[in-house]
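Visitor: quick one: sequence plus predicted model below, questions after.
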Amino acid sequence: MRAVIQRVFRAEVRSGGISVGAIGEGLLVYLGVSERDNDTDAGYIADKVHQLRIFPDTEGRMNTSLCEHRSPAALVVSQFTLYGDTRKGRRPSYNHAAAAEQAEARYLQVCTLLRNKGVTVATGKFQALMEVESVGDGPVTILVDSHKQF
């Protein structure tokens, strides 16, 4: 499982021109699911999102996490293209991305795990074309891979 985690002042996702999810200050998380992901991978990603120390402390250092934030919020957007393999040719291969049914189940699992940790979770619309608008804070962007490939 892969995640691109961005610290934001605010973020919103629209589908068909209608807002389907929005947060104020928090994390925008693009989430990709591979064919080999399981419960352990979902737990790993949820823990990283919850515990990464990427918010400033009172001295301005990135030393606090979402779990310490005054109102923890995350906008989680499914993004199968995180498994695009560009090593050959000009067209990415998505051979390692999970099939839609498995990907949706893991995506929802991560959202549930975050909610169980006290995070307010907004979501995109699975398998839909979406417009994502965000105002980055920092900017701070972190890449996480549950199989530790980077």
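Guide: That came through, no problem. Remember, predicted model here, so these are calculated numbers, not experimental data. Residues are numbered from 1 along each chain as shown.
Visitor: please count neighbours and contacts with C-alpha atoms only from this point.
Guide: Noted.
Visitor: so the residue most central in space within the chain bridges to which residues?
Guide: Most central in the chain under Cα atoms, centre = their mean is residue 29, positioned 2.2 Å from the mean C-alpha point. Per DSSP bridges, the residues bridged to residue 29 are residue 5, residue 76.
Visitor: surely it meets residue 82?
Guide: No - Residue 29 is not in contact with residue 82 according to Cα atoms under 8 Å; the separation is 11.7 Å.
Visitor: so what sits against both of those two?
Guide: Residues within reach of residue 29 and of residue 82 at once, by Cα atoms under 8 Å, 6 or more residues apart in numbering, are residue 3.
Visitor: that's a strand at residue 36, yeah?
Guide: No - per DSSP: H, G, I helix; E, B strand; the rest coil, residue 36 lies outside any strand segment and is coil.
Visitor: check the gap between the nearest residue to it once chain neighbours are set aside and residue 133 for me.
Guide: Distances taken as Cα to Cα, 6 or more residues apart in numbering place residue 98 nearest to residue 36, at 7.5 Å, with adjacent residues excluded. For residue 98, the distance to residue 133 (Cα to Cα, to the nearest Å) stands at 26 Å.
Visitor: what ranges does this protein have for its helices?
Guide: For the chain, the helices defined by DSSP state H cover 39-51, 100-116.
Visitor: who's in contact with the longest one?
Guide: Contacts made with helix 100-116 from outside it, assessed by Cα under 8 Å, 6+ apart, are listed as 31-35, 37-39, 42-43, 45-47, 50, 76, 78, 120-121, 126-127.
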